[in-house]
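Visitor: Give me coordinates for this.
(one chain, ligands or ions: 1)
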Amino acid sequence: MAAAKIAPSMLSSDFANLASEAERMVRLGADWLHMDIMSLRKHTKAYLDCHLMVTNPSDYVEPMGKAGASGFTFHIEVAKDNWQELIQNIKSKGMRPGVSLRPGTPVEDVLPLVEAENPVELVLVMTVEPGFGGQKFMPEMMDKVRTLRKKYPCLDIEVDGGLGPSTIDVAASAGANCIVAGSSIFGAADPGEVISVLRKSVEGSQNKN
Ligand SMILES: O=C(CO)[C@H](O)[C@H](O)COP(=O)(O)O
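Guide: Numbers count the residues shown, from 1 in each chain. Purely as a prediction, here's the structure:
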């Protein structure tokens, strides 16, 4: 007899808390977790800014390119030996390469990738430990942003983790121009207003400089 397998579809879960949602379903008795892998590209023309929190980013370059990713950001901690080849591959598949660093990683580790002959076009400074949404913004990461902005006035500098109306001014005045925000946008009564507040803060800081 084939055993019963109850498989909650994660498509209906709270994506900002995917790890805890998975844990919750298993705790509540799920046998499997059903994952619907879809190409968002079919449904939007938007720039798809993809952050690969994986240990083997090289394995994902081709599939992400085929799926329609616009930006492909990998972690320096797992690409110390092959970042040159990785950047080349990402560009050859028509994507913009970016590099990310975890809170414990010094900013100096990513400088060679920005200064390379074939450089990354974006640096993502993590302002929480990667893993799940809804964590507290780490203002001490702003030294990294300031260092990067001082050296590279035109670089896309992205911040991710705990960003929202109460933390944006610190990040924007440090020089971040790409703002990733999960819970503050999706959890807001008026997400459009939050997006507008974030944009105004970045543009306001840029106009001061
Ligand atoms: O990469 C992430 C976690 O690893 C998320 O993008 C990030 O945490 C955004 O969520 P929030 O704005 O709620 O902090």
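Visitor: got the CA positions of the helix or strand that contains residue 200 in CSV?
Guide: According to DSSP states H and E, residue 200 maps onto helix 191-208. The C-alpha trace of helix 191-208 is given here as CSV (Å, rounded to 0.1, in the frame of the first residue of the first chain):
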residue,chain,number,x,y,z
PRO,A,191,3.7,49.0,0.2
GLY,A,192,3.8,51.7,-2.5
GLU,A,193,4.3,54.3,0.2
VAL,A,194,7.2,52.4,1.7
ILE,A,195,8.8,52.0,-1.7
SER,A,196,8.5,55.8,-2.2
VAL,A,197,10.0,56.5,1.3
LEU,A,198,13.0,54.3,0.5
ARG,A,199,13.5,55.9,-2.9
LYS,A,200,13.2,59.5,-1.5
SER,A,201,15.8,58.7,1.1
VAL,A,202,18.3,57.4,-1.4
GLU,A,203,17.7,60.3,-3.8
GLY,A,204,17.8,62.8,-1.0
SER,A,205,21.2,61.6,0.1
GLN,A,206,22.6,61.5,-3.4
ASN,A,207,21.5,65.1,-4.0
LYS,A,208,23.4,66.2,-0.8
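Visitor: Buried residues, that helix. List them.
Guide: 194, 197, 198, 201, 202, 205 (16 or more other CB atoms under 10 Å). In this view, the C-beta of every residue, glycine as well, is placed from N, C-alpha and C.
Visitor: how about low-confidence regions in the protein?
Guide: Residues of the chain that meet the criterion pLDDT under 70 lie in 37-38.
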